[in-house]
Every structure is written in C-alpha cells, then in structure tokens.
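Novice: any chance you can model this:
(chains A and B)
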Amino acid sequence: MPSGDDSHAPVPLRRYPSAFHDSAEHEAALAAFPAEFYPAWVKACRRLAGAGYGGTVADDYQRLSPQVAQVAGPQQALELASAASGLAIRAGRGPAALLIRASSSAAKRLRDNFSEWLALVDRTAIHAPESMSAILERTDLLLSHLDLNGLESWLRIGIRAANGDPQRRRRFFTLEDPEAQHWLQRESGVVGFLDFETRLKPYLTALWGLSVPLREVPPDAPEQVKRRPGFDGAVMRLPASFPGFSASDSESLYRAAVAHIGAHCTFTRAKFPVGGLKPAQIALVSLIEDARVEHLAMRALPGLRNLFVPFHVAQPSGPSTAPNLFARLSRALLDRAHDDPDGWVRKGRDAFFAAEAEWQDQRLSRRIGDLLGNDLGQMRIQFDQRSYIVQPAYRDDNLGLWDFGEDEQQTLNAEQVFESARLRQEEDDSRPPDREETEQRPDETAGRLTAVESAAGGVPVARYPEFDYVTGRDRPEWTTVKEYPVAIGRVQDIAHLREERSDIVNRLTTLIRAARVSRAERLRRQPEGEFLDMDACIDATIARRVGEVPRDRVYGRYERRSRDLSTLLLLDTSKSTAEFVRGSARTVLDIERQAAALLAYAMSELGDPFAVAAFASDQREDVRYLRIKDFGEEYDRTADARLAGLGSGLSTRLGAAIRHAGTDLSRQRSYRRLLLVVTDGEPSDVDVDDDRYLVEDARKAVFHLRRLGIDVYCVGLDTEARPPLDRIFGSRNAITISRLESLPELLPTLYLSLRK
Amino acid sequence: MQATTSAAQRLAAQDHALDDFRILDEPYYRPVANEVALFEAVYASRMPVMLKGPTGCGKTRFVEHMAWKLGRPLITVSCHEDMTASDLVGRYLLDADGTVWHDGPLTLAVRSGAICYLDEIVEARQDTTVVIHSLTDDRRILPLEKKNEVLKAHPDFQLVISYNPGYQSVLKDLKESTKQRFAAIGFSYPESAVEAEIVAAEAGVDQKTADTLVRIAQRSRNLKGHGLEEGASTRMLINAGLLVDKGIPIAEACAVALVLPITDDPDMRDAMQAAIAASI
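Specialist: Next comes the predicted model:
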C-alpha cells in the first residue's frame, strides 16, 4: 500500500473525538485506508464511539482496523465495524468488544475470507448469543485448528448438541464439555487415533499376540497424559492425535506406539517399585527400560528398527539440559551407529551395550538408570518432573512401568477410561449427535416412568392352572402372571459385556456367516431339475430293459431350504441369582445377562425371530414376567437397556412362567418354536412347602408345550442344590453346566446347534 | 450282473488299476514329533486313524509319506457335502450290454489292500460317513448292499481320515459314534526352527529367508480368532518361499501368498502388511 496522502490527514483529528494515541497509529491508519475508504473509516470510528458501547470498543477499532485492512483489505475492515454493531445488538457489548479484539488475528489467518467469518459470527449470534464471548475469546485457538467450513460445522454441532439449552451451549463453547474438544479434533481434519484404530488393533495382535483394548485418551485428561501413549495393563491409551506430524508420520507413530507398548507388555515382566527413587531416576530407569524392550523387540522383529529409529532425531549438540540429554541418550541407546560426543550419554550407551548379554533381565534398567541418575546429580543438572515429556513421541508415559505403592498416583482413573469408552461407543453409531440426543431421551424418560409404574405393581395379564401331582389334577386358574415393565439400565454395560467376550463374538460371527447362508441341498429323484440324477437314471434304464414301467423322476436339483425357528429365551432372575459365582466377582445374574446379550446378538445377526423375557415369582398371585425384547421388536439399545436393568429377587415358580412363555411362542407362526430356559435352581415359592409340587407342575407345563409343538430346552446352572431338571425337561432336553463362566459361550453355540 | 472275468483276472486288473495309486518316490516329510512311529504302530494293528490339525500343516503329505514308507498304494478321496455313499462305495453303471458294477474308491481300497484316505471328512454328510462304520471295528467288512456282496477287507487295508477341528465344528461335526472308532494323531504347525527347515527344503530358499517367513507366519497366527479364521499355514509359507526363490522381494511375496488369500478386510490387510514389515 502506498504511504499516506497527507492532504486528508488533519480531518479526522479535528472531527474525531478520540485522539490518536501516537502518530504511529495515525500513520498506520493512513497507510491502511486509502483516500476513497478513509472517510468511511472515520465515519465507522465515529459511529462506534457514539454508540456508547463503552469500554475500549471504539479505541480498539481505531487501533486494530488498520491492521485488518493491511491483510484483508479496507473493505473488510469497514465491515468489521458494522459487524461489531450488529453483534452488540444481538449479544451485547462484551462480545462486540471481543470481536474487534479478535479481528486482527482472525484477519491474519483468513485474509480474503475475513468477511465470511464476520457473517458466520453474525449467524451464530442468532442461535447462541450467550456463548459469543466464549467463542470469540477462543478465536485464535479455533482458527488455528479449523478452517472456516470446519469452524462453521463445529459451531453448528455445538448448537445442535445443546438442544436449545443455553447452559449446555456455554459448556460446549467454553470447551468444558469434552465432546466439544472431541469434535474440534474431528473437524480440524487432523489424522488421529480414530482413523487408525481399526488397523492398530490387529497390528498389535499380530505383533505380540495381545488383545488389549485400545482407547483414545479422554479429552479432559491432563495435558501431559494427552500427548503421550500410556498403558495400565488393562487398556492401552493412545493420544487422539499427534499434533505437528504429517498424516503418514502419524500412522507410523501410532504403529510405533503400539509396537512399543506391546514390547513392554511382553518383556517388562514386573513393575518397578518406586521406593525412594527421585523423579530423575524414575525417568532414567524408564528410558533405559524403553531401550531394553525395544532392542528385545527388534531381536524378534527386526523390521521394527525402521519404525522406531526415524523418530529419534535428537542431535548430538545443544545445551546440557535434562530433556535434551535424555533425548540424546534415547537415540544413542537405540541406534548403535549414532555417535554422541557427550560423556554422560556415552557412558550410558557403553554401559548398556556392554551388558547386551543381560538384556533379558529388567534389573539391568534399574542398575544403569541409577548409575546415570547419580552422575546427573553430580553434574548438577536440574530435572523438572512437571515439564518433562518422554521423547520421542511414540514412547509411552511409562506410568504403567512403576508400582507407586499405596499412594498410587494414577493420573487416569478407571472412570475416565470408561468415559472415553462411552464416548467412543456413542460415536460408533456414526449418527450425527443431534439424533443421538433425541434418541436417548425417550429412554431416560421411559426409565423414570417405569420406576413409578413398577412401584405400583405389574399388570395381571393371564391366569394359568397349576398341576397338583397329589390329586393328579390341575388347579384351575391357580396362578396369576403379572407383566412388569423392566427397569432401564445402562446400555453401555451390555455393550461392555459383549466387548469383554469379543473372542466369542468373533467366533459367533464366523459361525453365523456359515449358518446364515443356508446350504443348498441336493434333491434327488425329482420330476424336473437342473441335472440328471445318476442313480435314478440307472434305475429307470434297468426298469425299461426288464420291461417294467420306468419312473420318470430322474432329475435332481439344488434348493436352499430356509430354516424357520422362533426362540424365546426365558431367564430366571430369582433371589439365588444374586449369589456370587464361586471364585468370581460376578453374580449368577451377571453371567446370565452376558450370555443373553451374546445370544441375542447371534439371533439378531441371523435374523431369526426371537424374544427375551425374565421371570421371578412372589407366591401364586404374583408371577412376575418381564419382557426384555418381544418378537415384533427390533433388537436395539432399548432391549439392551432393559437387559442391563434386570435385578435379582423373589422365587422361582417355573411352571407358570413356562406356560406364559408358551402362550407367547404359540402365537409365532414359524415352523419350529423353541423355548430356551436358563435357571439356576429348582422351582420353589414361599407359599409351597412340598418340594416336589412345583417340579411336577413344571414338568406338566413342559408336556403341555410339547403338545403345542414347542420345543423346550433348559440350561441349568449348577449351584449347591442340584435341581431336578432331568425330571422336568427330560434328560435329552436339559444340560447342567458346572463352570458358570462358560455359559456366555455355551448358550449361543447351543442355540446354533439346536437350530440345525 | 455278469461275472465274465475270472477272479484271478480281476485281481490282476485291480493290481494294475492300483499302479496309479502307488507312490514311487519318497515324498519329503520332516517328522515333527513321534508321529511316524505312532502311525507305524497304528498300521501294524490296522487301527483306523484320524489326523487332526489345522489346514496346511502337513497332514496329507504325512499320509503320502507313510504310504510310501509302508509300500502301500494310497487312495485319496476329498470329501464334499454332496458326496453320497455310492460315491465312496461304488455303483452300477450302464454299458452296451447292461449294467456293470464299478467299485468306488473306498471299495477299491478295501478289496486291494490300499490305504484309503478320506480328506476333510467333516465336509461329507453324516449319513454318508456311516458307511465306514463296519470297516472300522473288528468286523472289517464293507457290505455292498446293491451288489448283494459283503466285502472282507484285504489284510493290508487301512482307513485314514483327516479332521480339521475348526470353527465350523458346531455345525459340521463327526458323529460321536464315528469319532470313537478312530485313534487320533494330532498335528499343528511345527515349531519355528523345524518349520523354517521345512520351508527352506520345500521352497529352496536360504535359512534366513525361511526364518523370516516363519516369523511372519507367527504374526498372522496371532490373529487367529481376532479377525482371521486361520493363520498362515506352512503350505502358504512354502508358496511365499517359492515366490522369493523366483526373485520376488519378500514383502511382496508375502502379500501375494500370505495376506491377500486369507483376508478381504482392508484394515486387516493393512495391519498384516505392517506386521510383515516389522518382521523383515
């Protein structure tokens, strides 16, 4: 821009109320606004000053708009003034002032698109006036991550996710809501964990035979934790992204991280006790241990060298600070060819490679680490634990290596990890967040409603006879079945249970694939078909030769016969299911729940019609029947939530429950119908003294169902009492399992074999 | 049904027919454990035997080797789900003069004292496999119902089946009554050093390449049940080795021979490629 034209310089000074603070500012204004824009600019300044926004709005505009004009042109700088006025009307003075303050850096980033940003701010102010300050305060941060399109969609996501609630909007836009950070990440287009996750899992398994769940570090974790991978034995945490690395480097970093942590899991046999070690020693021992496991890993898998080494970029120069020396030591320990002149680094390297024969022994790391730590102390090099970040980026924070004893300073507790799992799951549904919200809501309200209803008691739906073996007669209308709505539990729990046994899910998927494609059967001796049935032809020819009338059914054809089976899974939730399974922290009901979740998965994958129900009883007038999933319903989150909401209690009046389930099943029009009962004890109820009575009744109920053409199969869970299941169901139709943990695996496979 | 040929002629014809089934050159087999001694012992008492193990671990090669070693012809039947009992036992076929009985492979083996090897027997339907029942207990007979003949097994006859207890075992399984007639020899992928030796011998690659291939195979076997139904077999390693021997770079050879055949999932493929890169 040409330097200022002095002819119009004095005009603003005289007419404009606020004087320039110094001549340099004035120079800048003159330089930024050429003659044709200058009057308009003066007018804008005056308007802002006269509008009474107070504070420094007018001053700021006067000071910053020339900067905007410098990079984005005078026209856009003038638009800023009207945008600020508009914003003041929509959202108040504060945001207007912030807009102007944010303008110069925004203009630097956006340049020609500056006015689009202004328009976007204006549009957003309509929907979220209260959040404008929050948004504008973060202009720099947002624009450093997002381009305008990204920003727009992030803002929209925030507005929609809050669903009209200003409080939630505020939380989102102040980035307090972890979701906000999460979406910021996604919109910013940085290649991150989510892009690689599906590939990293099999990579880890392939390299080390481990199947540890991989999780993204939750967005609300402390900064240090967020930047580096970590592990705690149960899960592996990986950063959401590695800022500053290109996409292909990021992929290698994630691979290297997974390979590195896998090496720890394989070669670090025990945690190091922290004892009285100083932070510097801990960091050094960790560093040596990192190098040790990497060398062992490279012995097994030489190609890992190409993965690890390129990330070690520390130069053998620079100041003798702890982080610098540590990074150099890391490189020297990994890369034999690398030469570092520093005495301390050399000492570490020599000690490490001299002990090559002892690499198998992790005490080596401790020994060398201690040695170097002492030297470091003598060299009076300060180590600042708070600012120290492990280098290079793929290495984990090493918290998993140490046993901190009583005052375990786990930076991430289980809840946080779980939280990240939750976020992931919701996102896996790959629906836009607003759908998510509206979908979840009915569940929540339903949950509240049912709580009220079940307090009021169930709805009586049917009365059934009960068989009295003493008299040999039915007692008519003896029991009342009441249907209770099921409490809603946490959907995630079920997903979690399923994920826990991902081995079974995997295997089931294979089985299902095999079972779903019903095999073609060769039908022989058909009147027509696609090939000749050799045996029939020969018979026919023989018949003709001996003078008989040959049969003309000499063809064969292939036909797919579909299997047609409806299944009702009936779960016993009586009081005894609240007992803990021997040697496990799970109750019997937990195991039932997991088994039901897996079976339901299998059945819904197969597309077979099925229902899931649970029962318990409180005397003959109150046999409780809880519908978890009906035949007509989709198997979805609601069903999962109900399954999660099951609780244990009351008794087992098996006969009535079987009859009621049978009524349901008999309405199914499929060729085969199967009632699958899972129970853990013998039938009993508080109003019955005779042990045999309910057994005989249940037996009678099973007979009744058989007559209706319904198959009944029972899985007995072995507990102290040996239930007389053979008597009730017949020995071919009942199995008792003694290892309860095997139920989740057994139930779906049993189903698949019954289904044949 | 005419018996136009004399018994002696028929026998001679059969012996001739068996020539194709004789194994003249020693098939390469590297014993992994004591399976050779076990098989000899089993054969000595003509006990039916089941070879169990994953695909491509050398079951078929082992049978060939043993047939060669014992000097018996080997008749192999690959079972499939459309196979009927007649396909095993035999049937009447037509010629110009009328019907002629043709022995099926099993009958041929029973008559002439060959080793009959039913490969992947679970693939056959269960009602088909029951025809072997009378052969596998102390009767050692094969009733040819249509021919109205009860065939006594030749003293040298032995039945061998292979059985791959894979994931399909719930849907496809042998009947309990069938299983219980067999002795079983278990096979699995040999340990690394032995497997490398096998790969080196079969593919003609050097020891180092063979070691690398075996290392790669272990990576893919780690994925069994985690996205792959089966890891890379010894047979696949040999294939990869053969490609390397033809001058294909090892990473590419592995992609062609070990990765692409067993998975269609791009993520899985990617993970395996990366694991291969880590192993080289």
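Novice: farthest from the middle of the chain: give me that residue.
Specialist: If you meant another chain, say so; for now it's chain A. A:Gly547 (75.6 Å; Cα atoms, centre = their mean).
Novice: that was the other one, I meant chain B.
Specialist: B:Asp97 (38.2 Å).
Novice: where does it fall, phi/psi-wise?
Specialist: phi -90, psi -10 (degrees, to the nearest 10).
Novice: one step back: local confidence estimate at the residue farthest from the centre of chain A?
Specialist: pLDDT, A:Gly547: 89.
Novice: related to what we said a few turns ago, and the residue farthest from the centre of chain B, what's its pLDDT?
Specialist: On pLDDT, B:Asp97 comes in at 77.
Novice: then B:Met47?
Specialist: Confidence score, pLDDT, at B:Met47: 93.
Novice: and it, helix, strand or coil?
Specialist: Under DSSP: H, G, I helix; E, B strand; the rest coil, B:Met47 falls in the coil class.
Novice: what about it, how many residues nearby?
Specialist: B:Met47 has 14 neighbouring residues, counting by other Cβ atoms under 10 Å in any protein chain shown. Yep, even glycine has a C-beta here, placed from its N, CA and C like the rest.
Novice: quick one: neighbours of the nearest residue to A:Arg593 once chain neighbours are set aside, just the number.
Specialist: The shortest distance from A:Arg593 to any non-neighbouring residue, by Cβ to Cβ, 6 or more residues apart in numbering or on different chains, is to A:Leu643 (5.9 Å). Residues contacting A:Leu643 under the criterion other Cβ under 10 Å number 26.
Novice: then the one 5 residues further on?
Specialist: Around A:Ser648 there are 20 other residues, counting by other Cβ under 10 Å.
Novice: got the phi/psi numbers for it?
Specialist: phi -90, psi 150.
Novice: quick check: it vs chain B, distance?
Specialist: 31 Å (Cβ to the nearest Cβ, to the nearest Å).
Novice: tell me which parts of chain A are close to chain B?
Specialist: Proximity of chain A to chain B, by Cβ under 8 Å from any Cβ of the partner chain, involves residues A:198-203, A:205-209, A:211, A:255, A:259, A:300-304, A:306-307, A:503, A:506-507, A:510-511, A:514-515, A:519, A:522, A:534-535, A:538, A:541-542, A:545, A:749, A:752-753, A:756.
Novice: how is chain A carved up into domains?
Specialist: With domains defined by automatic domain parsing, chain A comprises A:6-187, A:193-415, A:491-514+A:564-754, A:520-560.
Novice: typo on my end, it should be chain B
Specialist: According to automatic domain parsing, the domains of chain B span B:7-186, B:192-279.
Novice: host element of the residue of the stretch 451-600 of chain A found nearest chain B?
Specialist: Of all residues in the stretch 451-600 of chain A, A:Thr510 sits closest to chain B, at 4.8 Å by Cβ to the nearest Cβ. A:Thr510 is part of helix A:502-516 when elements are defined by DSSP states H and E.
Novice: so which bits of the stretch 151-280 of chain B are right by chain A?
Specialist: Contact residues, the stretch 151-280 of chain B versus chain A (Cβ under 8 Å from any Cβ): B:167-168, B:170-171, B:215, B:219-220, B:222-223, B:225-227, B:229, B:267-268, B:270-272, B:274-280.
Novice: residues near residue 39, how many?
Specialist: No chain in the question, so chain A it is. A:Pro39, neighbours per other Cβ under 10 Å, totals 13.
Novice: please refer instead to chain B.
Specialist: Neighbour tally, B:Phe39, other Cβ under 10 Å: 22.
Novice: check A:Leu64 too.
Specialist: A:Leu64 has 19 nearby residues by other Cβ under 10 Å.
Novice: quick one: contacts for it?
Specialist: Contact analysis of A:Leu64 by Cβ atoms under 8 Å, 6 or more residues apart in numbering or on different chains lists A:100-101, A:103-104.
Novice: among those residues, which ones are in strands?
Specialist: Nothing among the contacts of A:Leu64 maps onto strands, per DSSP state E.
Novice: now, those that are in helices?
Specialist: A:100-101, A:103-104 (DSSP state H).
Novice: related to what we said a few turns ago, doesn't the residue farthest from the centre of chain A belong to a helix?
Specialist: No: read with three-state DSSP, A:Gly547 is coil and lies in no helix.
Novice: ramachandran coordinates for it?
Specialist: Dihedral angles (degrees, to the nearest 10) for A:Gly547: phi 90, psi 20.
Novice: would you map the strands across the stretch 1-150 of chain B?
Specialist: B:49-52, B:74-78, B:90-95, B:98-103, B:115-119, B:141-144, B:149-152 (DSSP state E, counting those that start in this stretch).
Novice: grab the longest strand from chain A for me.
Specialist: Ranked by residue count under DSSP E, the longest strand found in chain A is strand A:473-484.
Novice: so B:Met272 touches B:Arg221, yeah?
Specialist: No: if you go by Cβ atoms under 8 Å, B:Met272 and B:Arg221 don't touch, sitting 11.2 Å apart.
Novice: neighbour count: those two, which is higher?
Specialist: B:Met272 (29 against 17).
Novice: so what's that one closest to, chain neighbours aside?
Specialist: The shortest distance from B:Met272 to any non-neighbouring residue, by Cβ to Cβ, 6+ apart, is to B:Val259 (4.8 Å).
Novice: show the model's pLDDT score for B:His154.
Specialist: B:His154 is assigned a predicted lDDT (pLDDT) of 93.
Novice: any idea how far the nearest residue to it once chain neighbours are set aside is from chain A?
Specialist: Excluding the flanking residues, the one nearest B:His154 by Cβ to Cβ, 6+ apart is B:Gly113, at 3.2 Å. According to Cβ to the nearest Cβ, B:Gly113 stands 28 Å off from chain A.
Novice: can you map out the helices along the stretch 101-250 of chain B?
Specialist: For the stretch 101-250 of chain B, applying DSSP state H, counting those that start in this stretch gives helices covering B:105-112, B:126-129, B:176-179, B:192-203, B:207-222, B:234-245, B:250-254.
Novice: how about those helices in a markdown table, adding mean pLDDT?
Specialist: Output for the helices of the stretch 101-250 of chain B, formatted as a markdown table (pLDDT from 0 to 100):
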| stretch | mean pLDDT |
| --- | --- |
| helix B:105-112 | 93 |
| helix B:126-129 | 78 |
| helix B:176-179 | 85 |
| helix B:192-203 | 93 |
| helix B:207-222 | 92 |
| helix B:234-245 | 94 |
| helix B:250-254 | 93 |
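Novice: before we move on, back to that, separate out the buried members of the residues of chain A next to chain B.
Specialist: Listed as buried from the residues of chain A next to chain B are A:198-203, A:205-209, A:211, A:255, A:259, A:300-301, A:303-304, A:307, A:506-507, A:511, A:515, A:522, A:534-535, A:538, A:541, A:749, A:752; burial here means 16 or more other Cβ atoms under 10 Å in any protein chain shown.
Novice: if we can go back for a sec, could you point out which element follows the one helix or strand the residue nearest to A:Arg593 maps to?
Specialist: In this structure, A:Leu643 sits in helix A:637-644 according to DSSP H and E. Downstream of helix A:637-644, the first helix or strand assigned by DSSP H and E is helix A:654-666.
Novice: give me the distance from that following helix to the chain's centre.
Specialist: 38 Å (Cα atoms, centre = their mean, to the nearest Å).
Novice: quick check: mean pLDDT of the helix or strand just after it?
Specialist: Where DSSP H and E defines the elements, the next helix or strand beyond helix A:654-666 is strand A:672-679. Looking at strand A:672-679 alone, the average pLDDT works out to 85.
Novice: give me the pLDDT for the spatially most central residue of chain B.
Specialist: For chain B, the residue nearest the mean C-alpha position is B:Thr60 (3.5 Å; Cα atoms, centre = their mean). As predicted, B:Thr60 sits at a pLDDT of 92.
Novice: roughly how far does it sit from chain A?
Specialist: Relative to chain A, B:Thr60 is positioned 23 Å away (Cβ to the nearest Cβ).
Novice: list the contacts for the residue lying closest to that residue once chain neighbours are set aside?
Specialist: Nearest residue to B:Thr60, sequence neighbours excluded (Cβ to Cβ, 6+ apart): B:Asp119, at 6.4 Å. Each residue near B:Asp119 by Cβ under 8 Å, 6+ apart is listed here: B:60, B:76-79, B:161-162.
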